[in-house]
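Peer 1: Sequence first, predicted coordinates after that:
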Amino acid sequence: MDIAGASALVTGGASGLGQATARRLAASGAHVTIIDLPSSPGEQSAAEIGGSFALADVTDPEQVAAAVARAAEAGPLRVVVNCAGIAPPGKVLDRAGAPTPLADFERIIRVNLVGTFNVIAQAAAVIAQTDPDAASGDRGVIVNTASVAAFDGQIGQPAYSASKGGVHAMTLPIARELARSAIRVVTIAPGIMETPMLRGLPQAAQDSLGQQVPYPSRLGTADEYAKLVLSIVDNGYLNGETIRLDGAIRMAPK
């Protein structure tokens, strides 16, 4: 699908995987609208790529609908990439043996899973009303971000694994539903990626994590994620699938 002159929307686009994806999409000729929170450098990130910034909480239907409408003003909305997410650790029981507050679990589910669904729903409603791309017949592509934790969740990741497992699980039914509107839905499950959070760790810790990856034995890069997004956009037969981007790692229990 040719995205030159089209519009793209990237949640969590002010940093990490989202920022790299926004840059790649812009370099391919799309007008990119970044969705992020007020604490993010969203305005600066959007300006660097000649795009737009929309302040929105992905769990808020009205804010996301407004961001989608803004993106659609720049051209037919063809690409949506869900990168917004949080990953605070939390066990079932704390060190004293008390249950973890339920609100902590619910917050992660709400941002990572409910937020992703909200963006899909708001964007799909707009994409379904556009004319199909003349060459491919696609109206659009929605790319979601899960995690290898959806399959190999570690101790301390019950909420995160559940949220990302939910993103994986809903990919196929949503792809089947949106097929009638010529909208493809694909999910990427990254492994250990070099994101701002991991870059804050000591170099020795980063090296240790990278050595756990069979090959190549290093952290994945945000640009490798972004390249896969562009491949998904380009390959019209990719649909309803979760693709692991992980160097063949299978996470240990802890």
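Peer 2: The structure has been received and is ready for your questions.
Peer 1: So residue 7 is in contact with residue 34, correct?
Peer 2: No - taking contacts as C-beta atoms under 8 Å, residue 7 lies outside contact range of residue 34: 12.0 Å. No exception for glycine: its C-beta is placed from N, CA and C like everyone else's.
Peer 1: So between those two, which is more surrounded?
Peer 2: residue 34 (33 against 28; other C-beta atoms under 10 Å).
Peer 1: need the contact list for the closest residue to residue 199 other than its chain neighbours.
Peer 2: Leaving aside its sequence neighbours, residue 199 sits nearest to residue 206 (C-beta to C-beta, 6 or more residues apart in numbering; 7.4 Å). In this structure, residue 206 makes contact with 194, 198-199, 219, judged by C-beta atoms under 8 Å, 6 or more residues apart in numbering.
Peer 1: now do residue 147
Peer 2: Going by C-beta under 8 Å, 6+ apart, residue 147 touches 160-161, 164, 189-190.
Peer 1: Just give the number of residues close to the spatially closest residue to residue 69 that is not a sequence neighbour.
Peer 2: Spatial nearest neighbour of residue 69, excluding adjacent residues (C-beta to C-beta, 6+ apart): residue 126 at 7.2 Å. Number of residues near residue 126 (other C-beta under 10 Å) recorded here: 20.
Peer 1: Identify the residues contacting residue 126.
Peer 2: 68-69, 72, 77.
Peer 1: I'd like the list of those that fall within strands, please.
Peer 2: Judged by DSSP state E, strands contain the following of the contacts of residue 126: residue 77.
Peer 1: Can you tell me which of the contacts of residue 126 are buried?
Peer 2: With burial judged by 16 or more other C-beta atoms under 10 Å, the buried subset of the contacts of residue 126 is 68, 72, 77.
Peer 1: Tell me the secondary structure at residue 108.
Peer 2: Going by DSSP: H, G, I helix; E, B strand; the rest coil, the secondary structure assigned to residue 108 is helix.
Peer 1: burial count for it?
Peer 2: 23.
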